[in-house]
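S.K.: here is my input, please return the structure:
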Amino acid sequence: QVQLVESGGGLVQPGGSLRLSCAAASGFSLEYNTIGWFRQAPGKEREGVSCISGDGKNYADSVKGRFIISRDNAKTTVTLQMNSLKPEDTAVYYCATQYRCGGPFVQWGQGTQVTVSS
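M.R.: This is a model prediction of the structure:
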């Protein structure tokens, strides 16, 4: 099983950007994995944000046009570039393995906090 580690969260003003990274522990390749990002805010349900697989990339309507998911050339990291951030994007963000985009999240890391506030 792949152990995932998220990084890159922080405090940013509305309209700002953050870049989250998801890497497999010990540098294992994520090339053949379907990797999704989901977020969890206090008092709210878990929300799938984006997913990348061999078939392409998916985005939730709430982030479409603002977030970009990608893999690095070495296929060891999946990145979520978050632009035009809004206060409602505030949450703990997790990357997770999935069998397919839209399917259940199988394994995820410890999460990284994203806070959008002035």
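
S.K.: which residues touch residue 9?
M.R.: 18, 20, 92, 93, 112, 113, 114, 115 (C-beta atoms under 8 Å, 6 or more residues apart in numbering). All C-beta spots, glycine's among them, are computed from the backbone N, C-alpha and C.

S.K.: for the chain, give me the ranges with low pLDDT.
M.R.: In the prediction, the chain carries no residues with pLDDT under 70.

S.K.: which one is the spatially most central residue of it nearest to, not counting chain neighbours?
M.R.: The structure's the chain has its C-alpha centroid closest to residue 37; by C-alpha atoms, centre = their mean the separation is 3.2 Å. The shortest distance from residue 37 to any non-neighbouring residue, by C-beta to C-beta, 6 or more residues apart in numbering, is to residue 49 (4.5 Å).

S.K.: same check, this time on residue 74
M.R.: Spatial nearest neighbour of residue 74, chain neighbours left out: residue 29 (7.9 Å); criterion: C-beta to C-beta, 6+ apart.

S.K.: residue 44 too?
M.R.: Leaving aside its sequence neighbours, residue 44 sits nearest to residue 91 (C-beta to C-beta, 6+ apart; 7.6 Å).
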